[in-house]
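Colleague: model this:
(chains A, B, C and D)
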Number of protein chains: 4
Amino acid sequence: MLESTDYKVADLSLAEAGRHQIRLAEREMPGLMALREEYADAAPLAGARIAGSLHMTVQTAVLIETLTALGAEVRWASCNIFSTQDEAAAAVVVGQGTPAAPSGVPVFAWKGESLEEYWWAADRIFDFADGPTLILDDGGDATMYVLEGAAAEAAGRVPTAGEDDPDERRAFLAQIQTAMTASPGRFTTLAGKIRGVSEETTTGVNRLYRLAEAGRLPFPAINVNDSVTKSKFDNRYGIRHSLPDGLNRATDVLIGGKVAVVVGYGDVGKGAAEALRGQGARVIVTEIDPICALQAAMDGYQVALLPEVAETADIVITTTGNTRVVDVDVLQRLKPGAIVGNVGHFDDEIDLAGLRRLPGVSATEIKPQVHEWTIPVPAEAGLERETTQILVLSEGRLLNLGNATGHPSFVMSASFSNQVLAQIELWTHGEDYTIGVHRLGKDLDELVARLHLPALGARLSELTKDQAEYIGVDVAGPYKPEHYRY
Amino acid sequence: MLESTDYKVADLSLAEAGRHQIRLAEREMPGLMALREEYADAAPLAGARIAGSLHMTVQTAVLIETLTALGAEVRWASCNIFSTQDEAAAAVVVGQGTPAAPSGVPVFAWKGESLEEYWWAADRIFDFADGPTLILDDGGDATMYVLEGAAAEAAGRVPTAGEDDPDERRAFLAQIQTAMTASPGRFTTLAGKIRGVSEETTTGVNRLYRLAEAGRLPFPAINVNDSVTKSKFDNRYGIRHSLPDGLNRATDVLIGGKVAVVVGYGDVGKGAAEALRGQGARVIVTEIDPICALQAAMDGYQVALLPEVAETADIVITTTGNTRVVDVDVLQRLKPGAIVGNVGHFDDEIDLAGLRRLPGVSATEIKPQVHEWTIPVPAEAGLERETTQILVLSEGRLLNLGNATGHPSFVMSASFSNQVLAQIELWTHGEDYTIGVHRLGKDLDELVARLHLPALGARLSELTKDQAEYIGVDVAGPYKPEHYRY
Amino acid sequence: MLESTDYKVADLSLAEAGRHQIRLAEREMPGLMALREEYADAAPLAGARIAGSLHMTVQTAVLIETLTALGAEVRWASCNIFSTQDEAAAAVVVGQGTPAAPSGVPVFAWKGESLEEYWWAADRIFDFADGPTLILDDGGDATMYVLEGAAAEAAGRVPTAGEDDPDERRAFLAQIQTAMTASPGRFTTLAGKIRGVSEETTTGVNRLYRLAEAGRLPFPAINVNDSVTKSKFDNRYGIRHSLPDGLNRATDVLIGGKVAVVVGYGDVGKGAAEALRGQGARVIVTEIDPICALQAAMDGYQVALLPEVAETADIVITTTGNTRVVDVDVLQRLKPGAIVGNVGHFDDEIDLAGLRRLPGVSATEIKPQVHEWTIPVPAEAGLERETTQILVLSEGRLLNLGNATGHPSFVMSASFSNQVLAQIELWTHGEDYTIGVHRLGKDLDELVARLHLPALGARLSELTKDQAEYIGVDVAGPYKPEHYRY
Amino acid sequence: MLESTDYKVADLSLAEAGRHQIRLAEREMPGLMALREEYADAAPLAGARIAGSLHMTVQTAVLIETLTALGAEVRWASCNIFSTQDEAAAAVVVGQGTPAAPSGVPVFAWKGESLEEYWWAADRIFDFADGPTLILDDGGDATMYVLEGAAAEAAGRVPTAGEDDPDERRAFLAQIQTAMTASPGRFTTLAGKIRGVSEETTTGVNRLYRLAEAGRLPFPAINVNDSVTKSKFDNRYGIRHSLPDGLNRATDVLIGGKVAVVVGYGDVGKGAAEALRGQGARVIVTEIDPICALQAAMDGYQVALLPEVAETADIVITTTGNTRVVDVDVLQRLKPGAIVGNVGHFDDEIDLAGLRRLPGVSATEIKPQVHEWTIPVPAEAGLERETTQILVLSEGRLLNLGNATGHPSFVMSASFSNQVLAQIELWTHGEDYTIGVHRLGKDLDELVARLHLPALGARLSELTKDQAEYIGVDVAGPYKPEHYRY
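Modeller: Here you go, the predicted model:
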C-alpha cells in the first residue's frame, strides 16, 4: 500500500474507469505485452529505480506497469501540464489496491498543472529512499532538472532568470532554488546515483547531444527517439492519427476543402500532411531544409513561405521543434476563424508570448484548451480588416495531447517497447555504454517491429540462406546498414 | 418569452456555451448565412409553422435560427435519442433571452432520451396553436408519426405490435395510442394542415416514395437527400470527417495498419472508405450492387463477403440503411477487440437485437456510448476461442452522432441550405408541386454549391457565350442534364 | 474472303502482331467474352448490318469480333484521324484468313489520315449491299454524316462552309458533296434504312439530344455514354490510366512535383486529377459548374482561374468537351517547357487554330504527335520573356489515343459491353424505343458490372429476401432508383 | 573529330532525334545545368579521364556532357544490355559534329547487346591513351571488371566458371580472358591508374562494401546511392514514375482494380506501391525486414507471403536487389495473364534461369521485351489448370528501362548531380578520402536538393539566426544529424 501522501493525482475514484481503458489499451500494445511475457520471470529490471517524466496517459500506464512487471521500482510525473489523463493516473496509483488503499506506483500528475506545480511534481519523481538509478525522460525536463540543479550546486547559486526568459524557465529555476534550499546537495547526489537516461523525443535528444558535446553529461543516454520504430512510427503515424483527432475534438471544423499549412516536413510534418490530405484538405508545406522541401514537392504539396500563404490558410500546424516558427506577424495575417495549433514540441513554436505583449490583443476561452484570440491587424498588413479572430489550441502546447488523448496505444507500444529495451540495456549492460548519447542496436529496433506485426495480420517473409548470403546479412537480421533511411 | 413548460432540454444553463459554438459554426456555414442575408427582408417563410425533427446539434441550431430569420415559427425535436448536443438545445431555447427568461424556439430534445421520451418529444413539435404547416424531417419519423396516427384514426384502432417488432416500433405505437386517446382526431387534423415535408435522408426518402406509391402521401414532399449538394456532400464528405472522429473519441484506437471492413459502398460507404484509407487502414468493402462493387474494386479496395473476412477485421462499419447487414453469425466471428459501428441509418444494421437474445451474451459499458460485449463463440465457427469481446459503439446507432458531434458545420451548411430552399419552395410555391416526391431544381442545387465556394477560396470560371452555346446551356447554368451523376 | 478493294488499312502484314494483341486483350475484356459465350448460339444480331465509327484500336477489334460472333455484318472506320492502331485494323481485316486472302471485316482506317481521307472512310462504312441497319457511333460523326447528307439532299444543296469554319467542317461538307454527286439520294436512302444508333460519348450524345429536340432525329438512339458502367468507368478510370500513359510516352517528363492544371472536373477531369495526384503532381482544377467545383475543393484540389495559374503550370490538360477552353492568351502565358494536351473531345479545346493565326508562331515536330511551339509573348502579359516554347501533344487531339494506345482493354470491355447490349436492344426490341435518345435500363447496366467482377476477384454479397423487402427492391436488382448518382 | 572506329552505337543518323530529346531533357535537369553554369569556368574536372558504365539514356547524355563541360575526358558504355536509347547514344557520339564527322564522346552501347558484346563494350571504356583516372559506375560492373581482371592477373589465371554460374558470369570471365591474352598486365595497370569510383546503386555499393571489407578495394569509392537526394528520390520517385510507364508500354493492361504484389518495401518498393495504388490497384507487399514490413502495414498495404498470394496476383513486381525472390514455384502458381516484372536490380530476382530448366516450358515474343511464357502447373499445386501463361517483361531485367525509357530526367538530375559532385570530390580532393566507401557530405546532398527546388516553384524558408542557434545548426545548413532518416 502506498503512503497516502506519496502521490498526487486529481481523483483516485477515477481509477476504475482508468483501469478499463488500460485493459483495452493493453490489447493495442502488443510490444509491451510481449515483453512482459518474455521477461516476466527474468525480471531484468529488478533493483532498478526509475524516475519517469512522460505524458501520464493510458498508454504510459501500460509502460509503467510493464516496467514494474520487469522488476523496477517507478515514480512518475507528466512532462506536460495538460497531458495527464486523470483516470489513467488514478489507476496507476491504485494498482492492485483500492482507492482507499492504493498499492500501485507513486504518480504526481494531473491535467492542468500550473508551472510551479509542474516542477514540484518533477522533483517528486526522484524521491526514492535510496535515490533513483535511471531516468526515463520525454523532452529532457527531468534530466535537465537534475543536471542544472547539480550545476547550480557546483556554482553555489541558481542562475537568475533573464528578462526575456519564458515563464517556464522562471518556474524551473525557482523549483531548483526551493529544492536546493530544502535539501542542500540534493542534485549532486541525484546526479551521482543515476546510471543513465533513455530519452523519447527529438527535442530531448538534441539537448542531450549538446550536453554531451559540452562535456556536461555525467552518464550514458540512450536516444530512443531515433530508433526507426520510434521516429518513423510514433512521430509519423502517431501524428497522422492524433492531429485530426485533436482538431476535431477542439473545433469540429470540417478539414475537407480547407487550406492547411504544415510548418515543417520532418517525420511529424509528413504525418500531419498525410492526415490532412487524407481528410481532403489542400496542404501547403513550409520548410527550411532543402531535402525535406524537395520531398514535400515530390509528394505533391505546394512548398511556400509562411508569410505569403498566411492570408489564405484555414489551419496552421507547427511540427518543427523550433522556436517562433509562427510569429506575431503571421498570426496577424490569418483570416478570421483560422485555427492554429502545435504538434511539434515546445509551446513557443507559436509565438503566443509575443502575441500576448501586443497592445489590444485579447483571448476568450471557448472551451477548455480552445481560445479565440482577437488580434489587431496593423494597417501596413494591407488587409481590409482591423482585427482578426483566430482559434488557438491548447495554448500553443501539443494539441494532440491537450485537445485529444495523444498518440494512440499502438504507436506508443512501439515507442515504449524501445523505452523498455533501453532501460533494460542501461540497467543490465550500462557499463558497455560510454558516457554520451547512443542509439539502440538495429537488432532491437527490428525486434520491436517484429513484436508488432502479428497484431496487424502482417506475415513476414524469410530470407533463404542463399539470399541472405547474396546480400551479405544473417538470415535473422539485422538486414540493413546503419545509414539506411527506411 | 417562452412559456416555461413549452420546451424540454437538459439544462438551460448550458446556453452560453452553446451560443459560443453556434457563433463559431456560423463561420463554417456560409450557405445558411448567405441565405439569411439574401432573404432577411423578404421573409419568405413568414406565416409558415415548421415542425422539425432532426438531430438537435449546433449545426441544426444555425438551421433553426435561419428558418426563424426568414420568418417561420419553429418547434423542434431530435430524430435520434443520442444525437442532441445539450448546449445547442439550450442556446436555441434561450435565443435572445436568458436562461431565466428564454425567448427562443421550443425544443424538445436531450442526449440520452428513452424511446418513450423520444416519441413524446416527436408529438410536441406539432403543438402550434394553429397547427403546423410544414414538416422538416430526417429519417421520416415525424412524417410517419402523423400519417400512421391518421391511419389509425381512420381504422379506429392502433395496430398491435408484433412479437418480433423492435422496441422502437412498440414505443411508436404506444405514443400514437396515447395521443389519440388524449386528443381524438388529432392526427387527422394535423395531416390536413400540413402542406408539405422536406426530407433529409435516404431512408426517409425511401419511406416517402413507398408512401407515394401506395397512395398514402397526402401532401408534396421534397427529397432534399438527393440534391447533389446533399447526397454527394453530406453523405460522403460528412462521413469522411465524422467517422474517424467518432472512432477516435470512442476508442482512441490507431486506425493505421488495421483491417477495416466497410459494409456498403454508396456515398456514405465511399466517404467511410476514403477516411479509413486516409488514416492508413487496409479497407475491405462488401456490396450487393454490382456497379458499386465495381467502383470499389476500381478504387483499389478488396471486395469480399463479410462472413469470410469477419475473422480478420479490426473495425467493421455499416453504411447501408438496410437491416441486419452485420448479423449475429458475423459478430461471433469477430476477434477480441474488434470494433463495430454504424454510420448508415437505423440501429438494426448491426443485429444487436439478435445478439441480445443469444444465450450467454453480456455487455459492459466502458464509457458512455462504448460497450464491450462478451459473446459466446460456437464450436462450429471453427475458431479457437470460446468467447469473443467486441466494442460496439453508440449501441448500434449512428456513431458519428453518438460518439462524436455528427457531421461538421460546413457540410451541414450545404445540406441545410437545401432544406431552407425546400421549405421556401413548399411554402411559396407549394401549389406547383403535385402530391408525390420531388427533387429541388438543378438551379437551386447549383446555387447551394455556389454559396459555399468563396469560403474555400475556390474561384469559379465562367463560360463564354460561345462556349455556352457550343454545349447548349445558359451561361448562368444549369450546366448539366438531369441524369448527370457528378 | 474479302474483296481486295473492300478495306483500306495501313499494312495487312501487321495482322499477326495485331492478333497477338487481340488475344491478350480478350483476357482483359471479360464482359465482351461473356457476352460471346452467352449469346453465341442465339445470334441475336443475325441480320443486322452495323456501320461502326469508333477508334480502330485493339479493343475495338474485340468489340467488332463480338458483334460478328453474335451474327452481325459489320463495316468499320475510326472516329479520329490518329487513333487507329494499324496492327489491330490489319488483324480485323484478315480475320480467320491470311494477309493474302483476308476474310474478316471491312475496315477503313489507318493512323494519320488526312481530313479528306477521314470522311471518305466514314462514307465507306455504309456500303453494305443492302444498306446498313444500325450505326455504332463515337462522337456522332457517322450519324451526323448521314443526317446532314440527307438534309442537304432535302434542301437540294450542301451548305457552304463559313469563313470561320474549321478545316474539319470543310472536309465534312466536301465529302457530302462528293457522295451526293456520285450517288444522288444516297443519304436519304441510308437514313431510311437505319433503325437506330448507339452512341459512345458525351459529345455525341449532346449532338443527338439536340437533333432530337429539333425534331431532326429519324430513328431511336441509345445513349451508351450515360450508362454508369460507361461514363463512370471509361471516362474516369480509363483516363486515370491513359492520361499519364500518354504524357509519359510523349514526353518522359516526371509528373511528380509538377503543377498540373486540369481544365474541367467532370468524370474525365476527376480521373485525370486522380492520376496526376497519384503520380505526385500538385493538381489545380478549373471549373465552370459550381457543383463540380465544390467537389474538386472537397477532394483537396485548388480551384482557380486558368489565366491566373497559367504562368505556374507545368502541365495543362483539358477534359471538357467544350471549345477553346485553353485560349491563345493562356498559351502565351505558359512557361517554357510547359506541356499542353487534351483528353476531352474535339481538338478545339486548345485553340491551336487561333494560335496558328498568331504572327510569329512556329512549331517543330519533336517526334510524331509531339510538337514544340514557339510562341511570341506580348509585352502586356507582363512576363520577362519574349517567346515561350511549349509542347503540344497530338496536335490538340486526344492525347491518350494519339500519344498512347487509348483506354485499356478492361474499361473498354465495360463500355463496349454496353454497346453490344445497345445494339441487341435496337435490333431485337427497336420497336419498343420511341424516336429520341434513350439510356439502357439499369438492369443491363448492372449486368455489365456483374460480368466484370470475377476477373478482379471481387465477391458480390447478396441481399436476403428480408433485406430486399426492407429497401423495396428485388433480390436480383436493380438496386437503385434512376436518379441515383453512384 | 572522333576516329571512326572509336565508338560503337546503333545508328549515327539518329543523332538529330537524340539531340532534340537531350535539349528537352536539359530543361528537366536543373541540377546538372546549374552545375555546368557554376563550374564552367573553373573546369574542376580538367585532366580527369572518366570511364563511365551507366544506362546510355537521354538523361545520361546530359550527365556525360556535363562532365565534359567541366573539363573531363569521358568514354562510356551502358550497364545493361537493353537500356541504351540508341538516339541518345548517337547524339553523344556526334556531339557538336555531324554523323559524318562526329566530334563527341566515344560511346559503346546499343539496345539489345549480347552478353559478349556487353563485356566487350565494358572493356572499351578504359581505352584512354593515358589510361582512365576515375570510374563512374552503376551496379559495379566496370569496377568489378577491372578488379577481378587484376586479381586474375595476380593469380596468373582466370577462374573457371562453375556449372551453376549464370551466363553473365561466363561472358564476364571470357572477356577478362580475352583482354588478358590480348594485353597482358592490362588490368593491373588500369587498377593502378584509377583514383576512385563513384557508384550509383545499392547493388554496386554492396559490392564495394564487401570489397572494402575484404581488403580488395584499391582506391576510394563514393557511395552516391546513399545520398538522400539519390536513394530517396531516384529509387522512390523515379520508380513511381517509370514502373507504371513500363507496365503500360509493355502491356496496355489496366492497372486499376488489379491485385499487384510488390516484393520488397525499400525505397524502390515504396515508390512502386505508391504508383500502383495511385492507379487504383490493390497492392500487397512482401517483406523480410520487420521494420519495412511494419511500414507497409502502417501505409495500409496487406503484408503477406508471396506463395500464398501468388494465385490471386495480376501483377508481380520485384524491387529487392536480391536473388530468386520470385521462384519457379511461385511462377507456376500465377494465373493466366499475370504479369511479372523486375525493377530491383539483377535479372535473377525472377528465377527465369530456373524456369527455363523446367521441362515443358516455352516462351513466345509478343513484342520486343514482352514474352508470354507457357508453364506447366504440377498437380500438387492443387490448381485446376495444367498450364499457365504469364507475361514476363524485359526478360526479367529492369522493366522500367527495357519497356520504357527509365527514370525521368528530373530524378536523374538529382542522382547525376550527386555523381558529378562525387567525381569532382574524387578528382579535386581524392587525397582526403581514405581507401574505403564514403558518402558525400550532407552539405552537398542539401546543395543538390537546393538546385532542384526553383524548377518546381518550391520556396525555401530560412531559419532566423535565433532559430538556428535554438536547434544548434548553421543558418546555411546542414540541418540534420547524420543519422536522420528523412
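Colleague: just say helix, strand or coil for the closest residue to residue A:303 other than its chain neighbours.
Modeller: Excluding its sequence neighbours, the residue lying closest to residue A:303 (C-beta to C-beta, 6 or more residues apart in numbering or on different chains) is residue D:458, at 3.7 Å. For the C-beta atoms, the positions are set from N, CA and C on the backbone; glycine is no exception. Three-state assignment for residue D:458 (DSSP: H, G, I helix; E, B strand; the rest coil): coil.
Colleague: got the contact list for residue D:458?
Modeller: Going by C-beta atoms under 8 Å, 6 or more residues apart in numbering or on different chains, residue D:458 touches A:293, A:294, A:296, A:297, A:302, A:303, A:304, C:257.
Colleague: at 7 Å what do you get?
Modeller: Contact partners of residue D:458, counting by C-beta atoms under 7 Å, 6 or more residues apart in numbering or on different chains, are A:293, A:297, A:303.
Colleague: secondary structure class for residue A:285?
Modeller: Assigned by three-state DSSP, the conformation of residue A:285 is strand.
Colleague: burial of it, as a residue count?
Modeller: Using other C-beta atoms under 10 Å in any protein chain shown, residue A:285 has 28 neighbouring residues.
Colleague: the closest residue to it other than its chain neighbours: which element?
Modeller: Spatial nearest neighbour of residue A:285, excluding adjacent residues (C-beta to C-beta, 6+ apart): residue A:296 at 4.0 Å. Element membership of residue A:296, judged by DSSP states H and E, is helix A:290-298.
Colleague: so after that helix, what's the next helix or strand?
Modeller: Per DSSP H and E, helix A:290-298 leads on to strand A:302-303 as the next helix or strand towards the C-terminus.
Colleague: name the residues that touch that following strand?
Modeller: Here strand A:302-303 makes contact (C-beta under 7 Å, 6+ apart) with A:284, A:285, A:287, A:293, A:296, A:297, C:282, D:458, D:459.
Colleague: where exactly do the helices run in the stretch 1-150 of chain A?
Modeller: Along the stretch 1-150 of chain A, counting by DSSP state H, counting those that start in this stretch, helices occupy A:15-27, A:30-39, A:58-69, A:86-94, A:115-124, A:141-155.
Colleague: any idea of the angle the third one forms with helix A:30-39?
Modeller: Following axes from the mean of the first three to the mean of the last three C-alpha atoms, to 10 degrees, one obtains 10 degrees for the angle between helix A:58-69 and helix A:30-39.
Colleague: which residues does helix A:58-69 contact?
Modeller: So helix A:58-69 is contacted by A:18, A:21-22, A:25-26, A:29, A:32, A:35-36, A:40, A:45, A:50, A:52, A:54, A:74, A:76, A:85, A:88, A:91-92, A:105, A:409, A:412, A:416, A:419-420, A:423 (C-beta under 7 Å, 6+ apart).
Colleague: pLDDT at the residue nearest to residue A:303, what is it?
Modeller: pLDDT for residue D:458: 98.
Colleague: on that earlier part again, tell me the contacts of the residue nearest to residue A:285?
Modeller: Residue A:296 neighbours (C-beta under 7 Å, 6+ apart): A:265, A:285, A:287, A:303.
Colleague: what's the neighbour count on residue A:96?
Modeller: Neighbour number of residue A:96 under other C-beta under 10 Å is 8.
Colleague: does it touch residue A:19 like I think?
Modeller: No. Using C-beta atoms under 7 Å, residue A:96 is not in contact with residue A:19, being 10.2 Å away.
Colleague: related to what we said a few turns ago, which one of the contacts of strand A:302-303 is nearest to chain B?
Modeller: Ranked by distance to chain B (C-beta to the nearest C-beta), these are led by residue A:284 at 11.6 Å.
Colleague: and the pLDDT at residue A:301?
Modeller: Reading off the model, residue A:301 has pLDDT 98.
Colleague: revised request: answer the last question for residue A:163.
Modeller: Note on residue A:163: pLDDT of 88.
Colleague: check contacts around the residue in chain A that chain B sits nearest to.
Modeller: Closest residue of chain A to chain B, C-beta to the nearest C-beta: residue A:278 (2.3 Å). The contact partners of residue A:278, by C-beta under 7 Å, 6+ apart, come to B:278, B:279.
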